[in-house]
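In: Fold the following for me, if possible:
(2 chains)
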Protein chains: 2
Amino acid sequence: MKVGKQTIKFETLPCIFSTSSMVGPKEMQGPLASYFEQSSNDIYFGEKTFEKAESKMLNTCINHLISKNGLANNDIDLIFSGDLLNQCISSSFAIRDLEIPFLGLYGACSTFCEGLLLSSICIEANVAQQIIASASSHFCSAERQYRMPLEHGNQKSTTSQATVTGCGAALVTNSKKLDNGIHITYATPGKIVDLGVKDMSNMGAAMAPAVYSTIANHLNDTDRTLDYYDLVITGDLGVHGSDMLVELFKRENIDISSKHKDCGALIYDTTVQDVICGGSGCGCVASVFSSYIFNELKNKNLNKILLIATGALMSPLSSYQGETIPSIAHAISIENEVK
Amino acid sequence: MKVGKQTIKFETLPCIFSTSSMVGPKEMQGPLASYFEQSSNDIYFGEKTFEKAESKMLNTCINHLISKNGLANNDIDLIFSGDLLNQCISSSFAIRDLEIPFLGLYGACSTFCEGLLLSSICIEANVAQQIIASASSHFCSAERQYRMPLEHGNQKSTTSQATVTGCGAALVTNSKKLDNGIHITYATPGKIVDLGVKDMSNMGAAMAPAVYSTIANHLNDTDRTLDYYDLVITGDLGVHGSDMLVELFKRENIDISSKHKDCGALIYDTTVQDVICGGSGCGCVASVFSSYIFNELKNKNLNKILLIATGALMSPLSSYQGETIPSIAHAISIENEVK
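Out: The predicted structure follows:
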């Protein structure tokens, strides 16, 4: 049911039953390396192009999620997936041979949360019992599409983030399957916020106000405060955007800094890895949630989290045409053992 | 609830309460001109670029749908939208100022049906009461992104289709609002089908097998035959793809030709307008359904239709890399006055 102005409360308590993640070589040099389920030392993942590599990675990750849970492809009712590539080809080609009904999403880096949100709605509607939500990105395919070919070796801006080579997939089921599992209890789909930022290499600044708007509306709609949550985790504001989010809450006399972490800041060690402000891309929040965060929930180190994935809904062409960056953020409340 | 292997039955009977359409000058020279609600003689819709024109058209169409129903933006719980442009900027910029929670879709030309399908699931889950599903395309923005700049004046292949400059938006509500209205009773989300067609200028051939698969599974899951429907309407196989669909059914000794129409063949007069095999693009099925077809349903000239939107999930880059065209088709059963 709808609560407040913008939030959905799930009465059926959709369950995140299992997750799977896969990343590239750089992510395996970062602090979360031990949490990723699969990885490749080859940035091409054995394929001939970066785009095919991204599809291969996502396909491997989804197949692993299905098989490790003892399922067959036809046990999956629906798959939601999206990515950053033009026409979302990473997802289409990853899913092509699976013979699972497929609904493609585009929400830039917010895609993974959009998929979890829609999976939960499908469970709530009782139109599907086992659904996969997935998303991917690849540093090299994104770099040449959005910025410059790698061979150009262009210098990065001090506010830039590095696209994560990684993906994640979550199996969302109806709760009957696991009574004291990890549940999606609320979702707050975001409205587009655009405060006029034009700088394509400062996505954090463009997206922070959208995150603020969605968190504020979520708390208002659910009559909760930040105290309710063990962790508020965004993906992907990076270091600079995270500072801006803290600043936006400070204006309302709220200190979010002790509660907040960002997937883009977690996945790399920004002090030694050459990533400037941290990671970004659909695959960042997807891989970090599907590995480290899900593990912390399972081990009860975290019990109540608000996951917020953020998307910068521009294209290189819209920026060349002088447009600002419309941003969006979707929030999902994920809780252990709901009573 | 799920019925059969791939189909959703809606118990709450989501209602298509109202639609709105807008098209460009060429569509106003075609046989459906009198059905379109809004149009522009200016292919730029008063804007400076084709991409901004497409956004303006979609924004105008959505605003009109909201205002003509006496609603305000905050009466709309959710909007689903997508288009053909890289990173779906047509939708993002069209929706940017509306302050309505937004979930972006990418399903190529299947996007409009994907939006109707997801809107219906949201109604079924009771997480929203009033939802808009929309999609757009623009001949000039698509032509320069997918093929060549218009100035190049390249010759068309004999199987090519022309991207429609048009858009449509549908207001999907819970049935309480209009008891004997136009209802979405079943939906069959498609699986990707790829039989190896590589020709980017023969999308009809690539997509016909996906349409066949979805219709066959829909009929099987619902225990219906083609006789049940007054019309089976696809968007957009064009003339050539439609012939292929008829041929695929003929192999099963089923004659679909008397029941089948295609939005891409309806929107233009292919004998006099320079469109080769007819129309295509997200905006084709969106504008034709939201005008002519919805009008026929309202006037009870049609009472039971199966609407199938088809998507070619490739990109220019995937084709340059030698890939075939993964295709998908989502079907929706739309019926008057369900007893």
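
In: Where does pLDDT dip in the stretch 201-339 of chain A?
Out: A:338-339 (pLDDT under 70).

In: Break down it into its strands, ranges please.
Out: Here the stretch 201-339 of chain A has its strands, by DSSP state E, counting those that start in this stretch, at A:231-235, A:260-262, A:279-280, A:304-312, A:327-336.

In: Would you format these as CSV with mean neighbour count and distance to A:Glu151 included?
Out: From N, CA and C alone the C-beta is placed, and that goes for glycine too. Below are the strands of the stretch 201-339 of chain A laid out as CSV (neighbours: other Cβ atoms under 10 Å in any protein chain shown; distance: least, Cβ to Cβ, whole Å):
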stretch, mean neighbour count, distance to A:Glu151
strand A:231-235, 27, 29
strand A:260-262, 23, 30
strand A:279-280, 34, 22
strand A:304-312, 27, 25
strand A:327-336, 26, 31
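
In: can you tell which of these is closest to chain B?
Out: Closest of these to chain B is strand A:327-336, at 6.4 Å (criterion: Cβ to the nearest Cβ).

In: Tell me how many other residues surround the residue nearest to A:Ile254 when sequence neighbours are not counted.
Out: What sits nearest to A:Ile254 in space, not counting adjacent residues and going by Cβ to Cβ, 6 or more residues apart in numbering or on different chains, is A:Leu226, at 6.5 Å. Look at A:Leu226: counted by other Cβ atoms under 10 Å in any protein chain shown, it has 16 neighbours.

In: I'd assumed A:Leu219 was in contact with A:Leu226.
Out: Yes. The criterion here is Cβ atoms under 8 Å, and A:Leu226 meets it with A:Leu219 at 7.0 Å.

In: in stretch A:249-261, what's buried?
Out: A:Phe249, A:Ile254, A:Ile256, A:Lys259, A:His260, A:Lys261 (16 or more other Cβ atoms under 10 Å in any protein chain shown).

In: What's the separation between the fourth one and B:Glu37?
Out: In this case it means A:Lys259. Per Cβ to Cβ, to the nearest Å, A:Lys259 is found 49 Å from B:Glu37.

In: Please identify which residue in the stretch 151-300 of chain A comes closest to chain B.
Out: Counting by Cβ to the nearest Cβ, the stretch 151-300 of chain A gets nearest chain B through A:Pro189, at 4.0 Å.

In: what number of residues lie near the closest residue to A:Gly264 other than its chain neighbours?
Out: The shortest distance from A:Gly264 to any non-neighbouring residue, by Cβ to Cβ, 6+ apart, is to A:Asp236 (3.3 Å). By the criterion of other Cβ under 10 Å, A:Asp236 has 35 neighbours.

In: got a list of what A:Asp236 touches?
Out: A:109, A:161, A:164, A:262-264, A:278-281, A:284-285, A:309-310 (Cβ atoms under 8 Å, 6 or more residues apart in numbering or on different chains).

In: try 6 Å this time
Out: Contacts for A:Asp236 were tallied using Cβ atoms under 6 Å, 6 or more residues apart in numbering or on different chains; they are A:Cys109, A:Cys263, A:Gly264, A:Gly279, A:Ser280, A:Cys284.

In: Also A:Gly283?
Out: By Cβ under 6 Å, 6+ apart, A:Gly283 lies in contact with A:Ser136, A:Ser137, A:Val164, A:Gly166, A:Cys167.

In: State the pLDDT value of the fourth one.
Out: Each residue has a pLDDT score; the one for A:Gly166 is 98.

In: swap in the first one?
Out: With respect to pLDDT, A:Ser136 has a value of 98.

In: Would you point out which residue is most central in chain A?
Out: Central residue of chain A (Cα atoms, centre = their mean): A:Val285, 3.3 Å from the mean position.

In: name the element A:Ser160 belongs to?
Out: Using DSSP states H and E, A:Ser160 maps to neither a helix nor a strand.

In: okay, among the buried residues of stretch A:249-261, which ones form the most distant pair?
Out: A:Ile254 and A:Lys261 (16.3 Å; Cβ to Cβ).

In: what's the burial count for the residue lying closest to A:Asn154 once chain neighbours are set aside?
Out: Take A:Asn154 and drop its neighbours on the chain: the residue closest to it by Cβ to Cβ, 6+ apart is A:Met148, 4.7 Å away. Per other Cβ under 10 Å, the neighbour tally for A:Met148 reads 10.

In: Just give the number of residues close to the nearest residue to A:Ala208 once chain neighbours are set aside.
Out: Computed as Cβ to Cβ, 6+ apart, the closest residue to A:Ala208 that is not its neighbour in sequence is A:Met244, at 3.9 Å. Counted with other Cβ under 10 Å, residues neighbouring A:Met244 total 19.

In: swap in A:Ile276?
Out: So A:Ile276, with other Cβ under 10 Å, has 18 neighbours.

In: Stretch A:20-36: which residues count as buried?
Out: A:Ser20, A:Ser21, A:Met22, A:Val23, A:Gly24, A:Lys26, A:Glu27, A:Met28, A:Gly30, A:Leu32, A:Tyr35, A:Phe36.

In: is it true that A:Val232 touches A:His260?
Out: Yes. Here A:Val232 reaches A:His260: they are 4.9 Å apart, a contact under Cβ atoms under 6 Å.

In: Need the phi and psi values for the residue nearest to A:Gly264.
Out: A:Asp236 has phi and psi values of phi -140, psi 110 when expressed as degrees, to the nearest 10.

In: One more: A:Ser136?
Out: A:Ser136 adopts backbone torsions of phi -140, psi 160, taken as degrees, to the nearest 10.

In: For the residue nearest to it when sequence neighbours are not counted, which residues are in contact?
Out: Using Cβ to Cβ, 6+ apart and skipping residues adjacent in sequence, the residue nearest A:Ser136 is A:Cys167, 3.5 Å away. By Cβ under 6 Å, 6+ apart, A:Cys167 lies in contact with A:Met22, A:Met57, A:Leu58, A:Cys61, A:Ser136, A:Gly283, A:Ala286.

In: Export those residues as a markdown table, with columns for distance to A:Ala125.
Out: A markdown table is the format used below for the contacts of A:Cys167 (distance: Cβ to Cβ, whole Å):
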| residue | distance to A:Ala125 |
| --- | --- |
| A:Met22 | 30 |
| A:Met57 | 31 |
| A:Leu58 | 26 |
| A:Cys61 | 26 |
| A:Ser136 | 27 |
| A:Gly283 | 28 |
| A:Ala286 | 24 |
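
In: Please indicate which of those are buried?
Out: For the contacts of A:Cys167, a burial check counting by 16+ other Cβ under 10 Å picks out A:Met22, A:Met57, A:Leu58, A:Cys61, A:Ser136, A:Gly283, A:Ala286.

In: so which strand or helix has the residue nearest to the last one when sequence neighbours are not counted?
Out: If I follow you right, that is A:Ala286. Once flanking residues are discounted, A:Ala286 sits nearest to A:Gly168: 3.3 Å by Cβ to Cβ, 6+ apart. Here A:Gly168 sits within strand A:166-173, counting by DSSP H and E.

In: How far does that strand sit from its chain's centre?
Out: Distance of strand A:166-173 from its chain centroid, counting by Cα atoms, centre = their mean, to the nearest Å, is 10 Å.

In: Tell me the helix or strand right after that strand.
Out: strand A:182-188.

In: For that next one, name the packing helices and strands.
Out: strand A:7-9, helix A:203-222, strand A:327-336 (3 or more Cβ pairs under 6 Å, 6 or more residues apart in numbering or on different chains; DSSP states H and E).

In: ok, and the closest non-adjacent residue to A:Lys298?
Out: A:Ile182 (7.0 Å).

In: what about the nearest residue to A:Pro31 once chain neighbours are set aside, neighbour count?
Out: Distances taken as Cβ to Cβ, 6+ apart place A:Asp269 nearest to A:Pro31, at 5.6 Å, with adjacent residues excluded. Around A:Asp269 there are 14 other residues, counting by other Cβ under 10 Å.
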